[in-house]
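1. I'd like to go over a predicted model; first the sequence, then the structure.
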Amino acid sequence: MHKKECVAMLLAGGQGSRLGILTQKLAKPAVPFGGKYRIIDFPLSNCNNSGIDTVGVLTQYKPFALNSYIGLGSAWDLDRMNGGVFILPPFVKEQGGEWYKGTADAICQNINFIDQFNPETVLILSGDHIYKMDYSLMLEFHQRKKADATIAVIEVPWDETSRFGIMNTDKEQRVIEFEEKPREAKSNLASMGIYIFSWSVLRKYLLEDEPNVDSSHDFGHDIIPKMLAEDRNLMAYPFKGYWKDVGTIESYWQANMDLLGEQPELNLYDSKWRIYSANPPRPPHYASATAKVKNSVIGEGCLILGEVENSIVFRDAYVGQGAKVKNSIIMPQVHIEDNVVIDKAILGRNTVVKQGAVVAGKNVMGQQEIVVLDADMIIPPHATVEESISCSPAEDDFCKREES
Amino acid sequence: MHKKECVAMLLAGGQGSRLGILTQKLAKPAVPFGGKYRIIDFPLSNCNNSGIDTVGVLTQYKPFALNSYIGLGSAWDLDRMNGGVFILPPFVKEQGGEWYKGTADAICQNINFIDQFNPETVLILSGDHIYKMDYSLMLEFHQRKKADATIAVIEVPWDETSRFGIMNTDKEQRVIEFEEKPREAKSNLASMGIYIFSWSVLRKYLLEDEPNVDSSHDFGHDIIPKMLAEDRNLMAYPFKGYWKDVGTIESYWQANMDLLGEQPELNLYDSKWRIYSANPPRPPHYASATAKVKNSVIGEGCLILGEVENSIVFRDAYVGQGAKVKNSIIMPQVHIEDNVVIDKAILGRNTVVKQGAVVAGKNVMGQQEIVVLDADMIIPPHATVEESISCSPAEDDFCKREES
Amino acid sequence: MIDLMGIINLNEADEYLGELSRSRSIASIPFAGRYRLIDFVLSNMVNSEISNVGIFIQHKYRSLVDHLRSGKDWDLARKRDGLFVLPPAYTKTPMQMHRGDVENLYSNLDYLYQSRQKYVVIAGANIVSNLDYREVLDFHKNTGAEITALYTKANCSTHDCLRANTLELGPEGQVLEVREFRDSGGYQNMSMDMFIMEKELLIDLVKNCINNGDYDFVKHCIIKNVNKLKVYGFHHQGYVARINSLQSYFQHSMELLSPHIWKELFFKSGLIYTKVKDEPPAKYINETEVTNSLIASGCYVEGKVENSILFRGVKVHKGAYIKNSVIMQKGNIGPGVILENVICDKDVHITANKQLKGEFTYPLVIKKGRVI
Amino acid sequence: MIDLMGIINLNEADEYLGELSRSRSIASIPFAGRYRLIDFVLSNMVNSEISNVGIFIQHKYRSLVDHLRSGKDWDLARKRDGLFVLPPAYTKTPMQMHRGDVENLYSNLDYLYQSRQKYVVIAGANIVSNLDYREVLDFHKNTGAEITALYTKANCSTHDCLRANTLELGPEGQVLEVREFRDSGGYQNMSMDMFIMEKELLIDLVKNCINNGDYDFVKHCIIKNVNKLKVYGFHHQGYVARINSLQSYFQHSMELLSPHIWKELFFKSGLIYTKVKDEPPAKYINETEVTNSLIASGCYVEGKVENSILFRGVKVHKGAYIKNSVIMQKGNIGPGVILENVICDKDVHITANKQLKGEFTYPLVIKKGRVI
């Protein structure tokens, strides 16, 4: 195996519980996004576009869809002879196995994996954000600054600093203090959860942290503070550009809507920085003589007979005649029959909305709420749905029967 | 995903403890064989050659080398869009994970994996044998006989029947009785551990067996006897040809030696039934002006300056001037210095034998014993080695230091 | 594990497709918003579990080889079987006259001998359909035919039957006669020029053809032997488009705007594969108006599109109006442009406010890469 | 993540390689028991972390395209960057005279514009070596050269320098003059015809060449400009074989039988990749005698082999005696055959008891596929 300059480790085991119904059956990085993609496409495409060809993907929660999605890695050009993409679930030894105890533990359990590439540096990524970033520039910065660790930071509005891990830096961009969700922040540079470590340094810290029973084995809580305390050279790498956490239903919905309009901040049409994804073989979508589509993104294989406005529609969806879809996210294979009204909703994969039904959130304090429908539901004709529904056993009237 | 006619499940988690030193650091299916191959190349190549393009490989013991060896499956033409090769280690759920409890349990834990292909039949294979077999003929037999299960059998010498699971059949090749290692066999048809099941039938038996605390969750012990007891249609498929268990050091050594000579029973040069394997990029081997090579198999990238006779030499080995290698198996990257003598030995990967040393087994009851040397050893100059050595901490004089 | 191999025999006369086939074979003409014509027959073969496909190419094959590459996008990049591109026999002596497709088959008989399969299906690339060759093979075995010829009931009042062969069938479906279409309109049994037979028979037919100094596969190897062999017709009931002229290309493109045909052609027996691009989904803005059109991924539509097909990566600027037109890959239609009955080949750029108009029966073709 | 792209410019005159290059370019001549000549420069590029390689092909490229396929065996089958095979400008009008390699570079300038890398290394395929272009790029940056020209100290008493260029160097390594080799023997600075420069400069050089009506890249774009630009020579110290004639092909083949050269060429800066075959390891029986020879995988040797190279899949029957010879892929050397100073191209079958003998300075070449 060739020696690698940099190996990326992508933490994809998060449960994403604030995404509610969307992550009941899927790991968060596998959640669909933007009419074609899944969240994990963004860090994986960034890796390929940055020239990083070796990526370990750490999975544990609902790994199945994620594993089969990643497959050989060829979608992201990561089916390589030397390197490529590697799925790393928690390992079962003869005496058993258990979930990763924290982000740092996940890396620590895979020290052997990283060692085989004998890399200079390790890039730690998460599967929680939508952004385009050239990691090779950050790597250059890390090397130029002779840093032990480099943390990517982004300026956030001052009134939101209390939601982030804030880095206080000196004028050489050296990190002098790290505050998790400070009440009164001294800076508005938020950690993006993207780290580059010199592998020999990180390796030592991981092995020291592992036996510590008081540690939560987390980069932000344990490793970074300890490195700061021991006066290691920690640098903050400033990133400018679109970067959106999709950790809640609201922010997920908003990040999708951000793609609409004439000059979205996140440009998916730039052929120099493609976001790669699986490409299931589907024909071009068809918009009929009665279709009216405005300000929307439409995936392949869709049949649009009705109206679609300010919406993101994934592949193989059907929108019947007279149906109106507004401000919504329609996942793959959703079937919307004639004269249905959908407003500010997220419809899960393969769900059917029968004719004349209305799916639209209530107004609460002047703001319309987002309605989320689980995958594989059937909303009966002329029903009115005002609240999110998932396919729990209690509510299985609306769910397709499992085929036996 | 397309519906599949047949999905193969390859049981590759076996510890192979009777192979001693050879399987201390490697799962048995990953053990090198025949100057180029690993044991698992045989069932995987048989799958590809038989037109079976979907293979689940069940791993657990020392899975690392095996996982990285299988990689994308492209060596066996199993990097497919629909199907391909899938590594299936025991799964860690939120409450933890443990090893497969038996061969049937391993399949049972992966019912979801199999279900997604919705196959007619499931082919169960193991990674313990060296053979070439067209599974599509067995599948045809299974379908023609409308069997619930078909078990491949081979005629063994009558005096060895007590070492095998013996199938007693009627004249339609229906299995009427199964005896595990019978003292007085009624037939010499031994089970090869290769089963085809109709998936709907097997699925039912697996789910019934799973909660049974008295079951060892094994095909031979539990599933087959229960199916027999319930009068299911079990057929014996007779196989003719080379088939060798490589479960012990002696049988492993013998199976390698079987490749030598002018008309070996197992023909690896048949371009219609290639055994596929990884192909690391190495130049042709070089035999010098002083080399004498007789009745041997020599891998790529070797430098041969001495004598090699009746031996299997894997890639990148070096045999120095005046050295004599006889009746031995030399694994990749072994370095044999000048004037060394090796006789009836198995030398592990990357081991160095310094000049003038002698590695040869003692004669015990008229038969020379096989000496096995672990990987990464250093045998000092002029040493005499008569017994197998492994790199346990107690014997680390002879072992290369781990690089830190 | 079907015992059938595929041969795609690219021998179609391309002089009737004008500009579209000037620098490419018919097989690689773009069609239906993201495909090349060959994708249909190739995908049908793959979806029928055929894993060994030989493509016999005659000329102008650069764009085809670019398109197919290793065969990976059709899951045919394999060590055992897979996709074989078999070039013409005359590559080494370019000055020698090429006498017909049988020569090419004959010079590659080795490929046939080495293939493991017993049966072979041989087809061209100018027929667009979605069919399952497994059904045809079952039919072939059940009738005990030596050759099974696929046909469709075609409305020969349109262009489809021009230069095609028609079949006269006996009561059991046996083929009594094959003749070249004569201009007589109405529904007829049009040959799809796809045949299933045993590989051994194909080899014999090719050898005999060569021995007799004949060089046209369908005319001399098949039609000449209809009376000597047991030949049956298999009626393919689904949609069939035969692309034999610019007019039929345009007409069949417009037919795809029926959801019924769209569903059948792209989903019926299996999906249609093509070379993968990593385009984002199509995007509409507030001013966009799209009706009765196929819009591929990567399109960015600001203007008005009606009864048209936009291939992958087409950009339609504000105020542009595209009607009854086909815009191939990466077309860039400037602001205020008006197009009607136009076919833009790949990479065409129409600058602001230009107006171009053909006739529905005589579409205007804009050459690949042109800036107007 | 090296900021360097590779161009392999296949413009070598092949008339001196006789039968070996009759139906293939020099780049695809088999060499060293399992490779094609192009494998060396291509592997060097890949081992130097170059991920974007353009191969500019002039003619006879079928066997080369077969060999390279998608580039997968060199890990260059990629969506971003990867391997690009760039055909000659004159494919569409075969009758037009081809004037030189600069035309091909010029007609593919788009490829250069679209590549992301700042630096480019341009090389031919007839130089066999194992080198790391990263070191050359560092040298290029450190000297501040506009062009870095790689050279080797060659023994010009042998064939190697024929038709080569030699460099006259200043005290700091700057190139003062480049001239065609004159028959003067001894060790000289032989140009490897590999150059590193910024991509922008390459584009300028090519454009100027075309404007001046010049068409030979090395002669007109580089040598003509040596005095106008800052050109430095990089001394590659390792083994270099320049394959420029049948004699040099044979002589350099025989050099590989030195373990010292074998080790350097195949292992030094990285491994040499080639198209993968799934051959079993080589097999010897009791009667086999092999000395001072290279034996590739898939060989089955029953006879005697001395000072020779056997490619993959060669079979040597009992009683055969092969001396000072090169037997390419799938050669079948019958019982009792005696060969000396012979080069058998691929798939040659020598039947029982034949005897063939060339001179060491004039080896006998047996054509591909011949049965004797």
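-> Cool, the structure landed.
2. can you list the residues of the stretch 201-350 of chain A near chain C?
-> Listed as neighbours of chain C in the stretch 201-350 of chain A under the rule CB under 8 Å from any CB of the partner chain: A:261-262, A:268-269, A:274-277, A:279-301, A:303, A:314-315. Where you see a C-beta, it was placed from the backbone N, CA and C, and this is true even at glycine.
3. List the ones among those that fall in strands.
-> Using DSSP state E, A:285-287, A:292-294, A:297-298, A:303 are the members of those that sit in strands.
4. Can I get these in TSV including distance to residue D:244, pLDDT and neighbour count?
-> Formatted as TSV, those follow (distance: CB to CB, whole Å; pLDDT from 0 to 100; neighbours: other CB atoms under 10 Å in any protein chain shown):
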residue	distance to residue D:244	pLDDT	neighbour count
A:285	58	97	29
A:286	60	97	26
A:287	62	97	29
A:292	70	96	17
A:293	64	97	28
A:294	67	96	18
A:297	58	97	24
A:298	59	97	32
A:303	63	97	18
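5. got TSV for the residues you listed, with distance to residue C:348 too?
-> Listed next are these as TSV, based on distance: CB to CB, whole Å:
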residue	distance to residue C:348
A:285	22
A:286	23
A:287	22
A:292	28
A:293	24
A:294	27
A:297	25
A:298	23
A:303	28
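6. circling back: and the residues of the stretch 201-350 of chain A next to chain C, which are buried?
-> The neighbour count (16 or more other CB atoms under 10 Å in any protein chain shown) marks A:268, A:274-277, A:279, A:281-288, A:291-301, A:303, A:314-315 as buried among these.
7. Check what pLDDT residue A:96 gets.
-> Note on residue A:96: pLDDT of 81.
8. Check whether it really touches residue B:90, as I assumed.
-> No - in this structure residue A:96 lies outside contact range of residue B:90 using CB atoms under 8 Å: 9.0 Å.
9. which of these two has more neighbours?
-> The neighbour count for residue A:96 versus residue B:90, taken as other CB atoms under 10 Å in any protein chain shown, is higher for residue B:90 (24 against 12).
10. so that one sits right up against residue B:108, yeah?
-> No - contact criterion CB under 8 Å: residue B:90 and residue B:108 do not qualify, at 11.8 Å.
11. Leaving out the residues flanking it, which one is nearest to residue 49?
-> Went with chain A since none was named. residue A:273 (5.4 Å; CB to CB, 6 or more residues apart in numbering or on different chains).
12. Correction: the question concerned chain C.
-> residue C:2 (4.5 Å).
13. what number of residues lie near that neighbour?
-> Neighbours around residue C:2, by other CB under 10 Å: 15.
14. wait, what's in contact with residue C:101?
-> Residue C:101 sits next to C:9, C:11, C:56, C:58, C:215-217 when contact means CB atoms under 8 Å, 6 or more residues apart in numbering or on different chains.
15. So among those, where is pLDDT lowest?
-> residue C:58 (73).
16. wait, it sits on residue C:8?
-> No - taking contacts as CB under 8 Å, residue C:58 lies outside contact range of residue C:8: 11.5 Å.
17. coming back round to it: which residues do residue A:96 and residue B:90 both contact?
-> Common contact partners of residue A:96 and residue B:90 (CB under 8 Å, 6+ apart): B:97-99.
18. if we can go back for a sec, what would the contacts of residue C:101 look like in CSV with secondary structure?
-> Output for the contacts of residue C:101, formatted as CSV (DSSP: H, G, I helix; E, B strand; the rest coil):
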residue, secondary structure
C:9, strand
C:11, coil
C:56, strand
C:58, coil
C:215, coil
C:216, coil
C:217, helix
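19. Would you map the helices across the chain?
-> Picked chain A for this. According to DSSP state H, chain A carries its helices in the segments A:41-49, A:63-70, A:103-108, A:111-115, A:135-144, A:199-209, A:224-229, A:249-257.
20. actually it's chain C I care about, not the one you picked
-> C:37-47, C:62-68, C:101-107, C:109-114, C:133-143, C:199-211, C:246-255, C:259-267.
21. Alpha carbons only: can I get the first one in CSV?
-> What that stands for is helix C:37-47. C-alpha atoms of helix C:37-47 as CSV (Å, rounded to 0.1, in the frame of the first residue of the first chain):
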residue,chain,number,x,y,z
LEU,C,37,-29.8,4.7,-30.0
ILE,C,38,-27.6,1.7,-29.1
ASP,C,39,-28.5,2.1,-25.4
PHE,C,40,-32.0,0.6,-26.1
VAL,C,41,-30.9,-2.7,-27.7
LEU,C,42,-27.9,-3.0,-25.3
SER,C,43,-30.0,-2.4,-22.2
ASN,C,44,-32.6,-4.9,-23.5
MET,C,45,-29.9,-7.5,-23.8
VAL,C,46,-28.5,-6.7,-20.3
ASN,C,47,-32.0,-6.8,-18.8
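22. now what about that helix, what contacts it?
-> With CB under 8 Å, 6+ apart as the test, helix C:37-47 has contacts from A:281, C:6, C:8, C:10, C:26-29, C:31, C:53, C:55, C:64, C:67-68, C:74-76, C:121, C:123-133, C:243, C:265, C:269-274.
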